[in-house]
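Peer 1: Structure for the following, please:
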Amino acid sequence: MFAISLGDDGAELRPLEPWQAGEYLAHMDRGRDYIGRYVALPTVCTDLATSRAFLQAYADKAAADTGRIFGIWLDGTLVGGVMLRLMDTAAGTCEAGCWLEPSAAGRGLVTRAVRVMIDWAVFERGLHRVEWQVSSANTASIRVAERLGMTKEGVLRESYPYRGVRHDMEVWSVLAPEWRAAREQRP
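Peer 2: Presented below is the predicted three-dimensional model:
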């Protein structure tokens with residue numbers, strides 16, 4: 001197993017695998033209401049079996065090279081995660097996503113974790129486009145896209161029905177040449 005440090009605050013990015021379903025479920029239970037405001041993960045992962053099945057689906061995606069999932073640990077506790085929900089290596093595209101429990105919010109963990117994941121997608125896998133889809137109401141996630149230097153491409157009006165409400169979904173992206181140029185300017 002590997003862990004990538006996300007800074008001096010004890011935060012790490014690690015693979016999230018089926019054998020960690022119990023830890024994942026405990027994390028999801030701690031943040032169920034907060035995470036579920038805009039992300040459907042809490043409705044998918046409701047018990048140990050569904051949590052294991054969800055993580056197995058991502059293990060299968062990793063094996064097929066069509067997606068990835070990583071957890072964010074803070075001082076040894078799983079507090080969130082990032083994923084490449086969709087990944088099409090032939091087309092050179094992927095869609096990134098994230099979630100975080102409330103105890104870890106406001107620390108820049110997601111921004112740092114997604115930055116590592118995009119570095120991997122662009123520099124290791126050679127992907128050209130990383131997309132970020134977010135509810136227009138999810139201002140925290142929109143701020144992550146902005147901090148990452150993504151470009152807002154448009155709004156898919158009322159395209160995402162969730163919890164009885166049709167949400168506008170914003171589409172943000174960064175292209176590999178933009179990401180490379182921005183990385184050269186990072187300290």
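
Peer 1: Identify the residues contacting the nearest residue to residue 77 once chain neighbours are set aside.
Peer 2: Leaving aside its sequence neighbours, residue 77 sits nearest to residue 27 (CB to CB, 6 or more residues apart in numbering; 7.8 Å). In short, each C-beta sits where N, CA and C put it, glycine included. Residue 27 is in contact with 71, 77-80, 101, counting by CB atoms under 8 Å, 6 or more residues apart in numbering.

Peer 1: what's the offset of the helix or strand bottoming out on mean pLDDT in the chain from the middle of its chain?
Peer 2: The weakest-scoring helix or strand in the chain, judged by mean pLDDT, DSSP states H and E, is strand 4-5 (a mean of 86). With CA atoms, centre = their mean, to the nearest Å as the basis, strand 4-5 stands 16 Å off its chain's centre.

Peer 1: cool, stretch 130-149 as well?
Peer 2: The answer for stretch 130-149 is 11 Å, by CA atoms, centre = their mean.

Peer 1: Buried residues in that stretch, which are they?
Peer 2: 130-135, 138, 141-142, 144-145, 148-149 (16 or more other CB atoms under 10 Å).

Peer 1: what's the closest of those residues to residue 89?
Peer 2: residue 130 (12.8 Å; CB to CB).

Peer 1: Wasn't that closest one part of a strand?
Peer 2: Yes. Applying DSSP: H, G, I helix; E, B strand; the rest coil, one finds residue 130 inside a strand.

Peer 1: Now do it, the pLDDT please.
Peer 2: If you check residue 130, the pLDDT there is 98.

Peer 1: so how many other residues sit close to residue 91?
Peer 2: Other residues near residue 91 come to 10 when the count uses other CB atoms under 10 Å.

Peer 1: Equivalent analysis for residue 162, please.
Peer 2: 15.

Peer 1: Okay, helices next: where are they in this protein?
Peer 2: For the chain, the helices defined by DSSP state H cover 21-35, 41-44, 48-64, 109-119, 139-147, 176-185.
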